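Enquirer: Quick one: sequence and predicted model below, then my questions.
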Amino acid sequence: MKWYRADLHIHSVLSPCASLEMSPKRIVEEARRAGLDLIAVCDHNACANGCYVRRLARERPVVWLGMEIQTQEEVEVLAWFEDEEACCALAEELYALLPDIPCQPELFGDQVVVNEEDEIVRVLDRLLLSPVPLPLEEVVRRVEDKGGLAVPAHVDRVPGGLLAVLGLLPEGGWPQAVEVAPWTPIQKVLSRYPELSGKVIFRGSDAHVPEEVGRGWTELLLSAPTLAELKAAIEGRDGRQVRPGPEVKEGL
Amino acid sequence: MRVREVVEELGLTVLTTGELDQEVRWGFCSDLLSDVLGHAREGDIWITHQRHLNVVAVAKLKGIAAIVCVRNLRPSPEVLAKADGQGVTVLLSSEDAFEVAGRLYRLLSP
């Protein structure tokens, strides 16, 4: 087994709130600069740029497809996929359900699909910052049905964090793992939310600008950088491990 | 003022019946359940758009007098069944949160 440094929460220029500099090319450069072995591109309710990032990276780093899905309750959930088609199929389902509110770029920012050569190939019209009109349980079910892994993003943060929005963990077995915000000290979140003890904790960068890529990360002890291995690690099987990196100081 | 009088005065639909004779202290508006957990008080009428199952647990924990779901945003049967089981009153209004809160404020202010 081997330790992999992973940042599984990176926004690209497809997220209206992310910098126009976050092209697939730039994301790959920054991920290499930050010494990341594994990344996931998680735009709001969309995933198209992840495909280009994966092609450019050629496994340096390994790239998973992903999304940051906003549920009806306005809880944000990271969805990680190895299978590009499955992720894109889910993204299409979600896009069709999004309210037909156009993204006005001057207010919200641009929502562009950018290819390996930094060319804009598509513009998404519907505002991706709207929640999809599906309850949390249904979003998790759809991600898992397609073979993905659903992990609540920055659980402690307002807006969008599961515990901030819903106050308590939902009933049932989900989630086994949670992400914390880049600047949240692990001890602090555990003492504020004792119900998280025993949960597997990830840290992502939630990067919206190039310099932020890799500012928060998670170390994974796996026999290969695959989603199946990560699922095994979350279940604590055969010595696999998930270890969140240190928090970033405010201002970075 | 008791919950049943608020129901009558505001023309609310009763979806689940808890303690309708509970005395209402004041109102609280929030869709963030962590905010409700932190700041609502026992006997408050809670005005919200949130319909996740956790609203029942939060209302129960805080001793909320009644939840008012606004703009006809009706919780799922699962949520209502849970509220029923926990003795939490859930009410429905066709008005938006501002109108409900405004009318409740008028009703409760001394």
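Expert: Looks like it came in fine.

Enquirer: Looking at the stretch 51-200 of chain A, which residue is nearest chain B?
Expert: Closest to chain B within the stretch 51-200 of chain A is A:Gly167: 3.2 Å, counting by CB to the nearest CB. Any C-beta I mention is one placed from the backbone N, CA and C, and that applies to glycine too.

Enquirer: List, one by one, the residues from chain B near chain A.
Expert: Within reach of chain A by CB under 8 Å from any CB of the partner chain, chain B has these residues: B:31-34, B:36-37, B:50-54, B:57-58, B:76.

Enquirer: before we move on, which element is the most centrally placed residue in chain B in?
Expert: Centrality entry for chain B: nearest residue to the mean C-alpha point is B:Ile67, 1.5 Å, by CA atoms, centre = their mean. Remark: B:Ile67 resides in strand B:66-69, with elements defined by DSSP states H and E.

Enquirer: Please identify the buried residues of the following helix or strand past that strand?
Expert: Downstream of strand B:66-69, the next assigned helix or strand under DSSP H and E is helix B:77-86. Within helix B:77-86, the residues that qualify as buried are B:79-80, B:82-84, counting by 16 or more other CB atoms under 10 Å in any protein chain shown.

Enquirer: So what touches whatever helix or strand comes next after helix B:77-86?
Expert: Beyond helix B:77-86 in the direction of the C-terminus, DSSP H and E gives the next helix or strand as strand B:90-92. For strand B:90-92, the external contacting residues (CB atoms under 8 Å, 6 or more residues apart in numbering or on different chains) are B:7, B:12-16, B:66-69, B:72, B:74-75, B:79-80, B:83.

Enquirer: Repeat that for stretch A:133-140.
Expert: Applying CB under 8 Å, 6+ apart, the set of residues contacting stretch A:133-140 from outside is A:69, A:71-73, A:75, A:77, A:94, A:97, A:99, A:132, A:142, A:150, A:166, A:170, A:172, A:174, B:52, B:76.

Enquirer: same deal with stretch B:101-110?
Expert: By CB under 8 Å, 6+ apart, the list of residues contacting stretch B:101-110 from outside reads B:1, B:6, B:9-10, B:24, B:26-27, B:29, B:45, B:47, B:68, B:95.

Enquirer: Send me that stretch as CSV with only the CA atoms.
Expert: Output of stretch B:101-110 as CSV, limited to C-alpha atoms (Å, rounded to 0.1, in the frame of the first residue of the first chain):
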residue,chain,number,x,y,z
ALA,B,101,-44.1,36.3,10.8
GLY,B,102,-45.7,39.7,10.5
ARG,B,103,-49.1,38.5,11.5
LEU,B,104,-47.7,36.4,14.3
TYR,B,105,-45.7,39.3,15.6
ARG,B,106,-48.8,41.5,15.7
LEU,B,107,-50.7,38.8,17.5
LEU,B,108,-48.0,38.1,20.1
SER,B,109,-46.6,41.6,20.8
PRO,B,110,-47.8,43.1,24.0
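
Enquirer: which residues does the nearest residue to B:Asp84 once chain neighbours are set aside bridge with?
Expert: The shortest distance from B:Asp84 to any residue that is not its chain neighbour, by CB to CB, 6 or more residues apart in numbering or on different chains, is 4.6 Å, and that residue is B:Thr16. With DSSP bridges as the criterion, the beta-bridge partners of B:Thr16 are B:Val90.

Enquirer: could you check the distance from B:Thr16 over to chain A?
Expert: Using CB to the nearest CB, to the nearest Å, one gets 18 Å for the distance from B:Thr16 to chain A.

Enquirer: what bits of chain B have low per-residue confidence?
Expert: Within chain B, the set of residues satisfying pLDDT under 70 is empty.

Enquirer: and whichever residue of it sits closest to chain A, how far is that from A:Ser15?
Expert: For chain B and chain A, the shortest gap (CB to the nearest CB) falls at B:Leu33, measuring 3.2 Å. Between B:Leu33 and A:Ser15 the computed distance is 26 Å (CB to CB, to the nearest Å).
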